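Mind looking at a prediction? Sequence and model below.
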Amino acid sequence: MNNFRKYSQSLSSLRGEGTGGRIIRLQLLSSLLIIGLAVYFTISEYSYINKCELVKAKITDVKFDKGYGDDNDKYTLSIFIPSKNSSISGLEFDTGFTDPEFKAGQTINLYYDASNPTGSEIKNLWKQWAIPIILCLAFILDLVFMAVFYIVLTKFRTKSERDAIVSE
């Protein structure tokens, strides 16, 4: 019976103390930080999209600036919005991972911000949702790592502690 108490105390100390417990708590804290950032960016983008009006716009002029790397290209567009009977010039679109190759005369979907027309954004799935998607994937990977670490830690620590108790 005395060995059983030692074994149960060693299991309870494993979950709260030592390097393994600290690493798991650190992983949990980083998971909460990551999901908090993902929620913040999702709400931010969602509120921006709800604030704006989705309109069709026609590109009237395109200036393309080739960046130093593959991901540094930038388009500066002048567009005309027929439904608003207004024009916006100087609308910038960083290509990032996508290169849509805008051309004059092309029709695009635009999130039109009436309070700040030059802050309007071209509708692009990757541009709008890349950060929340990447953060959610990081959160999932962080949880998987934490679960695997916990399982490995409990298996090895439990076996070694069990052997130590039996040998006493």
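Received, thanks.

Over to Thr60. Which of the three states is it?
strand (DSSP: H, G, I helix; E, B strand; the rest coil).

What distance do you get for it to Ile35?
Look at Thr60 and Ile35: by C-beta to C-beta, to the nearest Å, they are 42 Å apart. C-beta coordinates here come from the backbone N, C-alpha and C atoms, glycine included.

Let me see the ranges of the helices in the chain.
2-16, 18-51, 125-167 (DSSP state H).

mind listing what's buried in the second one?
Put plainly, it is helix 18-51. Buried residues in helix 18-51, counted by 16 or more other C-beta atoms under 10 Å: 20, 24, 27, 31, 34-35, 38, 41-42, 45.

Now do it: which elements does it pack against?
helix 2-16, helix 125-167 (3 or more C-beta pairs under 8 Å, 6 or more residues apart in numbering; DSSP states H and E).

which strands and helices sit next to the last one?
Under the contact criterion of 3+ C-beta pairs under 8 Å, 6+ apart, the helices and strands touching helix 125-167 comprise helix 2-16, helix 18-51.

model confidence over the last one, on average?
Right, helix 18-51. Averaged across helix 18-51, pLDDT comes to 87.

Ok, stretch 139-157 next?
In the prediction, stretch 139-157 has an average pLDDT of 83.

what sits up against it?
14, 20, 23-24, 27-28, 30-31, 34-35, 38 (C-beta atoms under 8 Å, 6 or more residues apart in numbering).

What residues of it count as buried?
139, 142, 146, 150, 153, 157.

what's near enough to touch the residue nearest the centre of the chain?
Against the mean C-alpha coordinate of the chain, by C-alpha atoms, centre = their mean, the closest residue is Leu135 at 2.5 Å. The contact partners of Leu135, by C-beta under 8 Å, 6+ apart, come to 34-35, 37-38, 41.

repeat that with 6 Å
34, 37-38 (C-beta atoms under 6 Å, 6 or more residues apart in numbering).

Pull up the gap between the residue nearest to it when sequence neighbours are not counted and Ile79, please.
Nearest residue to Leu135 in three dimensions, chain neighbours excluded: Ala38, at 3.6 Å (C-beta to C-beta, 6 or more residues apart in numbering). According to C-beta to C-beta, Ala38 and Ile79 sit 31 Å apart.

What pLDDT does the model give Gly105?
Gly105 is given a pLDDT of 87.

er, Pro100 actually
64.

So what pairs up with the residue nearest to Tyr48 when sequence neighbours are not counted in the strands?
Take Tyr48 and drop its neighbours on the chain: the residue closest to it by C-beta to C-beta, 6+ apart is Tyr111, 7.3 Å away. Beta-bridge partners recorded for Tyr111 (DSSP bridges): Leu54, Glu121.
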